[in-house]
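Asker: got a sequence here, can you build the structure:
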Amino acid sequence: MTFTSIILAAHISPLLYKPKVSFRCLGPLVLSFLAPFVYSSIGIVFFLLK
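Answerer: Numbering: from 1, shown residues only. Got it, this is the predicted structure:
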């Protein structure tokens, strides 16, 4: 988990220096970062309901 956040920080920190680019790139980056957590949590919920 910490390793992933370090990688994420490494991707975000260069973008912060270019504000116009960051807003364009940050959205997909955050979505791609959060998607596995969302899908896994949904999967766990469905597994528990069964």
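Asker: mind listing the helices for this structure?
Answerer: Secondary structure of the chain, counting by DSSP state H: helices at 2-16, 19-49.
Asker: pLDDT (mean, whole number) over the longest one?
Answerer: When pLDDT is averaged over helix 19-49, the result is 76.
Asker: what packs against it?
Answerer: For helix 19-49, the packing partners by 3 or more Cβ pairs under 8 Å, 6 or more residues apart in numbering; DSSP states H and E come out as helix 2-16. Just so you know, the C-beta spots here come from the backbone N, C-alpha and C atoms, and that holds for glycine as well.
Asker: distance check, residue 46 against residue 34.
Answerer: 18 Å (Cβ to Cβ, to the nearest Å).
Asker: make that residue 2, sorry
Answerer: Distance, residue 2 to residue 34, using Cβ to Cβ: 17 Å.
Asker: okay, those two: which has more neighbours?
Answerer: Here residue 2 and residue 34 are set side by side on neighbour count (other Cβ atoms under 10 Å), and the busier one is residue 34, at 10 against 6.
Asker: what distance do you get for the more buried one to residue 50?
Answerer: Look at residue 34 and residue 50: by Cβ to Cβ, they are 25 Å apart.
Asker: try residue 5
Answerer: Distance, residue 5 to residue 50, by Cβ to Cβ: 32 Å.
Asker: comparing those two, which residue is more hemmed in?
Answerer: When residue 5 and residue 50 are compared for neighbours, residue 5 comes out ahead with 10 against 5, by other Cβ under 10 Å.
Asker: in stretch 39-50, what counts as buried?
Answerer: Within stretch 39-50, no residue is scored as buried using 16 or more other Cβ atoms under 10 Å.
Asker: what's in contact with that stretch?
Answerer: Here stretch 39-50 makes contact (Cβ atoms under 8 Å, 6 or more residues apart in numbering) with no residue beyond itself.
Asker: what about residue 29, neighbour count?
Answerer: Residue 29: 15 neighbours (other Cβ under 10 Å).
Asker: the one 4 residues further on too?
Answerer: The criterion is other Cβ under 10 Å. On that basis, residue 33 has 15 neighbouring residues.
Asker: how about residue 31?
Answerer: Burial measure for residue 31: 10 neighbouring residues, criterion other Cβ under 10 Å.
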